[in-house]
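Peer 1: I'll drop the sequence and a predicted model, then ask my questions.
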Amino acid sequence: MTSSQPAAHDLPAQLAQLNVATLLHPIDDPRIAPFVELLDPVNAAADGTPGFVWRLVEDGTDDATGLRPAGENVIVNLSVWESQEALWEFAYRSGHLEAMRRRREWFARHVEAHLVLWWVPAGHRPSVTEALERLAELRAHGPSPRAFTFASAHSAEEARSVTG
């Protein structure tokens, strides 16, 4: 690092999120078709939402539903947002809410945490491995400044204090 580059703790923070969902049927099953039909409009809405920064997509596609890093029937959604408020607005006050209301039609009920939030330095794009590690940390140890949920949120400052 040169003296002209800010240290990681001086960079503004952005909120990363991972959620996982276990499909009740294969992604190409007609019973999952209504979910698949919502992917493009919901992803387009996310992309256009104030505060949206980035989302994981599989090479050559517009979404990440073909990726299976958490298991054969488990789809992942990984994104970065400018703030917790921006993510909340999209998740609970947009067309995304309709998909969430219908999730039991397409996905198994999770008995353990399926959503994790954590702070990253601005410009960082978390890998799926990093995201799954944060989810595992949340599942093993409960919410902390390193891995939390909307209901157990921590500030970027709290996260910086535990990561240096």
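Peer 2: That came through, no problem.

Peer 1: quick check: mean pLDDT across the host helix or strand of residue 44?
Peer 2: Assigned by DSSP states H and E, residue 44 falls within helix 33-48. Per-residue pLDDT over helix 33-48 has a mean of 92.

Peer 1: in this structure, which spans are helices?
Peer 2: 33-48, 84-92, 96-101, 103-106, 128-141, 156-163 (DSSP state H).

Peer 1: my guess is residue 21 meets residue 74, correct?
Peer 2: Yes. Using CB atoms under 8 Å as the test, residue 21 is close enough to residue 74 to be in contact (6.9 Å). The way it works is simple: take the backbone N, C-alpha and C, and place the C-beta from them, glycine included.

Peer 1: so for the two, which sits in the more crowded spot?
Peer 2: Comparing residue 21 with residue 74 by other CB atoms under 10 Å, the one with more neighbours is residue 21, at 20 against 17.

Peer 1: need the pLDDT of that one.
Peer 2: In the prediction, the pLDDT value recorded for residue 21 is 95.

Peer 1: leaving out the residues flanking it, which one is nearest to it?
Peer 2: Ranked by CB to CB, 6 or more residues apart in numbering and with sequence neighbours excluded, the top spatial neighbour of residue 21 is residue 107, at 4.3 Å.

Peer 1: residues in contact with that neighbour?
Peer 2: Counting by CB atoms under 8 Å, 6 or more residues apart in numbering, residue 107 touches 21, 22, 23, 24.

Peer 1: tell me the bridge partners for the first one.
Peer 2: Here residue 21 shows beta-bridge partners residue 75, assigned using DSSP bridges.

Peer 1: distance of it from residue 100?
Peer 2: Noted for residue 21: a distance of 10 Å to residue 100, by CB to CB, to the nearest Å.

Peer 1: for residue 52, which residues count as its bridge partners?
Peer 2: Under the criterion used (DSSP bridges), residue 52 bridges to residue 81.

Peer 1: helices or strands next to the worst-scoring helix or strand of the chain on mean pLDDT in the packing?
Peer 2: The weakest-scoring helix or strand in the chain, judged by mean pLDDT, DSSP states H and E, is helix 96-101 (a mean of 82). Under the contact definition 3 or more CB pairs under 8 Å, 6 or more residues apart in numbering; DSSP states H and E, helix 96-101 sits against helix 33-48, helix 84-92.
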